[in-house]
Each structure stands twice: as structure tokens, then as C-alpha cells.
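Trainee: predicted structure and sequence below. I'll ask about it afterward.
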Amino acid sequence: MAFTTGSFYVAGGTAAALTTIGSWPHPGVRGSAILVLAALAVAAGSLLLVRGRRFPRWAFHVVVGQATFMLGAGVVLSADDAAALGVAGVFAFCAVDNLYFFARREAVLHTALLLAVVAGSLAWRGIDPGVVAALMLVQVALVVVIGRLVQRAAHGTRDSLTELLNRRGFDERFEEAVAAAHRGGSDLSVALLDLDHFKDVNDSGGHAAGDALLVSLAETLNRTLAGCAPSSTVLARQGGDEFAVVTPGLDLDAAVAVAEALRRAAAPTGLSVGVAQLAPREDAGALLRRADTALYEAKAAGRSRVATAATCDAGLLEDFRAALDHGGLQVALQPIVVPGTGETIGVEALARWNHPERGPVSPAEFIPLAEANGLVKELDLAIARLACADSVRLRRALGRDVLLTVNASGRHLVDPDFVQDLLQVLADTGWAARDLVVEVTESTLEAASAAARDTLEELRAIGVRVAIDDFGTGYSAFSQLDAIPADFLKLDKDFTSQLTASGRRRAVLGGLLRMSEELGLAVIAEGVETPEQRQALVALGCPLAQGYFFHRPLPVEDLLRALSAETPPAGAPAGALSGT
């Protein structure tokens, strides 16, 4: 709005000055007055162009009203009627500005005032009323048509509530900015901002309160960016309570500083922010996905903070895509055992990638790569498919049922097709839903909230069981036990590692085991690495465990050889297999 209004001020002032050309070099008193008004208009327009982004929205009502009265004064002070009609032509600039930026009622009031002032000024000069009426009719008709066209175009790229760019407008500007950064080899960063607990505002105060908060936040973000970001910065409302900021010319550190300034300015409203910097050869979609992943991490970490996306290795990303597309990934299976006997009752599937040139790539490297580039769904499904196929071989070789646990990312868990995709994997591989356990982390449930829990309930309805992985790492873990839709709790390995060193930790685990049994949850202790840890688990009555003390993760062929020396179990404890 500042740019458009400022441009109209400069153009209108210049047009008014041009009406005095016939009287140069001696414009006289009236001509000099017009030149003064023209100079003021150009100065005001220049100020708007430079500093207007910092103006609050209400200030533009004053700016537009001022233009109306400056225009009326210009008509009255013009040296002759021809010059007055020329100045009156600036009417179109003011009217279009009204229709483009103000709500309908406000636009009508501003335009009615403008019409009255200009028509009254022309009539005061004694210009024939028919000529005034004809001029005003042409001007109004022209402005209405232009205004409708402008509004239609604006609604295509502008958010009607906040008047920021909408998703479509943002996508256009974002693509252009990314292309320009690649051409010039310059830095570019993008930040995604999300209001914390916005649903609570709508629920408690109604949608009007939510809309008012969004408008206020948009103005705050605009003013803050005007003071700390380049003038080429793009601010948009992506939809709902999510905003986006593109900062050309800023590296990651500078972009994070801007994001922190925005987060602080939004207080006391909580704002979670994810920031990513453009990598060589990276396209706009991949950059935005990395920023979205960072935003998700900011929410998972507790909200009201700024998180940055992992640096994108474009070459490694291309190789990972190829591995996904051409079967280049593998799974390793780690047994889940009854700690007292060592009997294997299930396996956890772990993703592995053996790069053709680099050799084994750590999951700690390629899983974040998949999450940051929108490939986590494909990764989850690829690993689930491989794991189910390998587990069919394992079950056939052992001659008994085993559980298979597979990991699901929080981003994939809220995908509306998650359950159907998993059912398709089961149908294709012949693995039974009753023998599948989907693992999700405690932090995933906290971040994804209702959508994730709904998916877990749907999984349980079709026979798939659910395990909460890394349980015990969140402060609210125990308080939410009765609300978590799960069948198994997998204790975090850090919890297990302290069993032999801390009597308090053993007491906590004992209490958790008793509580879990009452709730129908089976506990699996992860990260068992020593005989002492195993003995502590047995003494406490922990039903299931896994870790290097029992077995390392192995490909199915190697695992079959390792298990061939085991005595076939007479039967696992009922609670261990059922999770009830």
C-alpha cells in the first residue's frame, strides 16, 4: 500500500506541476501555489516510498484524506479553468487507491468525499455544472471499472483479511527470488512463521477475535521488517495462521536474526519460526520444504522459538532420491526379546543406506535429509515394505509368529493417506496387521497433537498396534499415559543406561511397570548393553527389551543365522505379545 500510494502522490504532484508550464518562467501567485502543493505531494510520496512500510494502517486513511483536500485546493488555486480541469484529473489516482486498499464501506466513503470536494471546487470556480457533471461521470465510471479489475486482480494474489500477499502471490514472488539468487550467486533465506495455539483464540473469542489477531500480527510483522530487513523482503500470509518471509541477500545467520526480531515483536503472542537458506541448485519447493521441517521442529521443541533447517547437500540429496527410486535402501532387523530368557518375540526395522561411493551413510544424516526435502513419506513406506517382506521370511524360517515394529515420522503420521498406504504395503507383502507395530516418538504426539492421535486410533482399529518410542524424554510423559493411544512403551536408552547407577531410576521404572500393566501397556526397554542392565530389568519384571547385549541390528540373512542357535521358545508371555 505504501508503494502504490506513494507512487500516486509523486505522479499526481508531477501532473499538477505540469499544468503550470504555460505560465513559466513567471507562474504568478496561483501558479506558485500549485507548484508548492506539487512539491509537497512529491515529498510526501517520496516519504511513503521510503518509510511507508512502517506506517500503521490507520495512518493511510489520513494520507488519502490529505490527498483529497490537497486536490481540492489545487483545483481552486489553478490559474485558469483548463489548468483546474487538468488538476482535477488526478481524481482517478485517489479513487483507484481507495478501491484497491480499503474495505468496500471505507472505499465508498473516501471516494464520496473525494467526489464532493473535487466537484465542489470546480463549481466554486464557476465552471459550467454540465461540464463538471460530465467530467465526474466519466471519472467515476472509469474508476469503478478500473477498481473492479484491480480488486479482481488483487484478490488473486492478495489476502483479503491482512492485505498481504496470499499463497499464490507468494509463490510467484518466491520463484522469482530463488531464480534471481541462483543467477546472481547471492544469498537468500526463507522463514515460515506459525502462531502458537491460534485455535485456542478462535475457540475462546470466536473467529472475529482470530481475524483481529491476524490483522494486528500482519501489521506488527510489516513494521518490524521495515526496520531490520532489506527493502526487497517479501511478507505473505500462507493461509490460516501461517506467514512466510523471504529475505533476499541474507545468509542463514542474518535471516535467523530477523526471525528472532519478528518473534520478539509478536510477543505476547507466541510465534514458532522455521528458517532455511537456499543451497546451490536447490529449487524453491525443496527450500520451502526444509523451512517447513524446521518449523515443525520448532513446534516439537516447545514452540515460541526459531529453528533452522539442516544444510542441504544437493549431491547427496540426488543420490538419496535415486536410492529411493531404484531400491537402493536396506533394512536391518534388531530382535526384541524376553530379557529373562533371551527369546526373540519380535524385531524392529531400522533403515540403512549403503552409498555406492561413500559407503554406509548414517541414518542420522539421511533421515533428516528426507524430512527436510519432503521425502519422509517415501522413506517410511519403502522401509515398511522391505521390513514386511523380510519379516515374512523370518517368520517362515522360525516357524512362529513374530512382531515387526516400524518407525513412522511425525510428518508422515498426519498425512491423510497414511493408513491406506500402510494397508497397501501389508496387502502387497502378505504381512498381517495384527503382527505390525508402528512406532512414533513422544515428541511427535506433542507436536502433531490431535491429527496424529486420530491416525493412531485408526491404526489400532484395523489391528495395527502402536508403540511410543523414546518414552521418558518428555516432562509430561507420566501425566499423559492414560491419554496416549498405544499398546507398547519403549523406554529411551538413556533411561535404561542409568538403571544400575541410580536406585531412584530403578524405583521410577518399577512404578512405571506397575502403572503400565494396569493400563494394558507392555514396556520395551531399549539400549540394553550390559549383563547388569539385563539383570535389573529381570528383577523389576520388565517384559521386553532390546539392545546390543542381545543382538545388533542385522540384515535378515545374518539374523537368521544368529537366531538358528536359539532354542525355539515354548511361548512368549501373553502380555508381551499382546500388549495388553
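Mentor: In hand now; what should we look at? Numbers count the residues shown, from 1 in each chain.
Trainee: surely Phe366 and Arg358 touch.
Mentor: No: the criterion here is Cβ atoms under 8 Å, and Phe366 misses it with Arg358 at 10.7 Å. No exception for glycine: its C-beta is placed from N, CA and C like everyone else's.
Trainee: of these two, who's got more company?
Mentor: Between Phe366 and Arg358, counting by other Cβ atoms under 10 Å, Phe366 is the more crowded of the two (22 against 11).
Trainee: who's in contact with that one?
Mentor: Residues in contact with Phe366 (Cβ atoms under 8 Å, 6 or more residues apart in numbering) are Leu316, Phe320, Ala351, Trp353.
Trainee: identify the farthest-apart pair in those residues.
Mentor: Within the contacts of Phe366, Leu316 and Ala351 form the most distant pair, 15.2 Å apart (Cβ to Cβ).
Trainee: state the distance from Val347 to Thr441.
Mentor: Distance of Val347 to Thr441, given as Cβ to Cβ, to the nearest Å: 19 Å.
Trainee: residues near Leu18, how many?
Mentor: For Leu18, using other Cβ under 10 Å, the count is 14.
Trainee: same check, this time on Arg167
Mentor: 16.
Trainee: ok, it to Ala244 distance?
Mentor: Following Cβ to Cβ, the distance that separates Arg167 from Ala244 is 9 Å.
Trainee: joint contacts of these two?
Mentor: Common contact partners of Arg167 and Ala244 (Cβ under 8 Å, 6+ apart): Ala236, Arg237, Gln238.
Trainee: doesn't the second one lie inside a helix?
Mentor: No: counting by DSSP: H, G, I helix; E, B strand; the rest coil, one finds Arg237 to be strand, located in no helix.
Trainee: now the residue positioned nearest the centre of the chain: how far from Asp194?
Mentor: Nearest to the geometric centre of the chain sits Asp292, at 4.2 Å (Cα atoms, centre = their mean). In this view, Asp292 and Asp194 are 10 Å apart by Cβ to Cβ.
Trainee: and the residue lying closest to Leu250 once chain neighbours are set aside, how many residues sit next to it?
Mentor: If the residues on either side of it in the chain are set aside, Leu250 comes closest to Ser189, at 5.2 Å by Cβ to Cβ, 6 or more residues apart in numbering. The number of residues packed near Ser189 is 27, by other Cβ under 10 Å.
Trainee: thought Thr441 was touching Val466?
Mentor: No: contact status for Thr441 versus Val466: not in contact, 11.8 Å apart, counting by Cβ under 8 Å.
Trainee: quick one, what contacts Pro230?
Mentor: Contacts for Pro230 (Cβ under 8 Å, 6+ apart) come out as Thr247, Pro248, Gly249, Leu250.
Trainee: try it again with 10 Å
Mentor: With contact taken as Cβ atoms under 10 Å, 6 or more residues apart in numbering, Pro230 is in contact with Thr247, Pro248, Gly249, Leu250, Ala254, Val258.
Trainee: for Ala284, same thing?
Mentor: Listed by Cβ under 10 Å, 6+ apart, the contact set of Ala284 reads 171, 174-179, 181-182, 188, 190, 246, 278.
Trainee: 8 Å - rerun?
Mentor: Asp171, Phe174, Glu175, Val178.
Trainee: check which helix or strand covers the second one.
Mentor: Taking DSSP states H and E as the criterion, the element that holds Phe174 is helix 167-184.
Trainee: and that helix, C-alpha only, in CSV?
Mentor: C-alpha atoms of helix 167-184 as CSV (Å, rounded to 0.1, in the frame of the first residue of the first chain):
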residue,chain,number,x,y,z
ARG,A,167,-0.1,-18.1,-1.2
ARG,A,168,-0.4,-17.6,-4.9
GLY,A,169,1.2,-14.2,-4.8
PHE,A,170,3.9,-15.5,-2.5
ASP,A,171,4.7,-18.5,-4.8
GLU,A,172,5.2,-16.1,-7.8
ARG,A,173,7.5,-13.8,-5.9
PHE,A,174,9.3,-16.6,-4.2
GLU,A,175,10.0,-18.4,-7.5
GLU,A,176,11.3,-15.1,-8.9
ALA,A,177,13.6,-14.5,-5.9
VAL,A,178,15.0,-18.0,-6.0
ALA,A,179,15.8,-17.7,-9.7
ALA,A,180,17.4,-14.3,-9.2
ALA,A,181,19.5,-15.7,-6.3
HIS,A,182,20.8,-18.6,-8.5
ARG,A,183,21.5,-16.3,-11.4
GLY,A,184,23.5,-13.8,-9.3
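Trainee: Asp469 - how many residues pack around it?
Mentor: Asp469: 24 surrounding residues under other Cβ under 10 Å.
Trainee: for Val87, same thing?
Mentor: Neighbour number of Val87 under other Cβ under 10 Å is 29.
Trainee: please apply the same query to Leu544.
Mentor: Leu544 has 27 neighbours, counted by other Cβ under 10 Å.
Trainee: picking up where we left off before, and Leu316 and Ala351? Which one has more around it.
Mentor: Counted by other Cβ under 10 Å, Leu316 and Ala351 do not tie: Ala351 has more neighbours, with 20 against 15.
Trainee: which residues does the more buried one contact?
Mentor: Ala351 makes contact with Leu329, Gln330, Val331, Pro363, Phe366, Ile367, Leu379, Ile383, Asn407, according to Cβ under 8 Å, 6+ apart.
Trainee: in a helix, it, correct?
Mentor: No: assessed with three-state DSSP, Ala351 is strand; it does not lie in a helix.
Trainee: so Ile468 is in contact with Asp487, correct?
Mentor: No: contact criterion Cβ under 8 Å: Ile468 and Asp487 do not qualify, at 9.2 Å.
Trainee: who has more neighbours, these two?
Mentor: Ile468 (27 against 20).
Trainee: helix or strand for the more buried one, which one?
Mentor: Going by DSSP H and E, Ile468 is part of strand 465-471.
Trainee: tell me the strands beside that strand, with direction?
Mentor: Next to strand 465-471 in the sheet, as set by DSSP bridges, lie strand 436-441 (parallel), strand 488-491 (parallel).
Trainee: would JSON lines of the ones you listed with distance to Phe69 be doable?
Mentor: Shown next, in JSON lines, are the strands paired with strand 465-471 (distance: least, Cβ to Cβ, whole Å):
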{"stretch": "strand 436-441", "distance to Phe69": "63"}
{"stretch": "strand 488-491", "distance to Phe69": "72"}
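Trainee: which one of those is the most hemmed in?
Mentor: strand 488-491 (a mean of 27; mean count of other Cβ atoms under 10 Å).
Trainee: so which residues make contact with that strand?
Mentor: Counting by Cβ under 8 Å, 6+ apart, 405, 437, 439, 465-472, 509, 512, 516, 521-526, 544, 579 sit against strand 488-491.
Trainee: domain-wise, how is this protein divided?
Mentor: Domain segmentation of the chain under automatic domain parsing yields 2-157, 167-312, 333-350+376-563.
Trainee: can I get the ones you listed in a markdown table with distance to Asp325 and mean pLDDT?
Mentor: Shown next, in a markdown table, are the domains of the chain (distance: least, Cβ to Cβ, whole Å; pLDDT from 0 to 100):
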| stretch | distance to Asp325 | mean pLDDT |
| --- | --- | --- |
| domain 2-157 | 35 | 77 |
| domain 167-312 | 16 | 89 |
| domain 333-350+376-563 | 9 | 89 |
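Trainee: could you save those as CSV and add columns showing distance to Leu324?
Mentor: Converted to CSV, the domains of the chain look like this (distance: least, Cβ to Cβ, whole Å):
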stretch, distance to Leu324
domain 2-157, 35
domain 167-312, 15
domain 333-350+376-563, 5
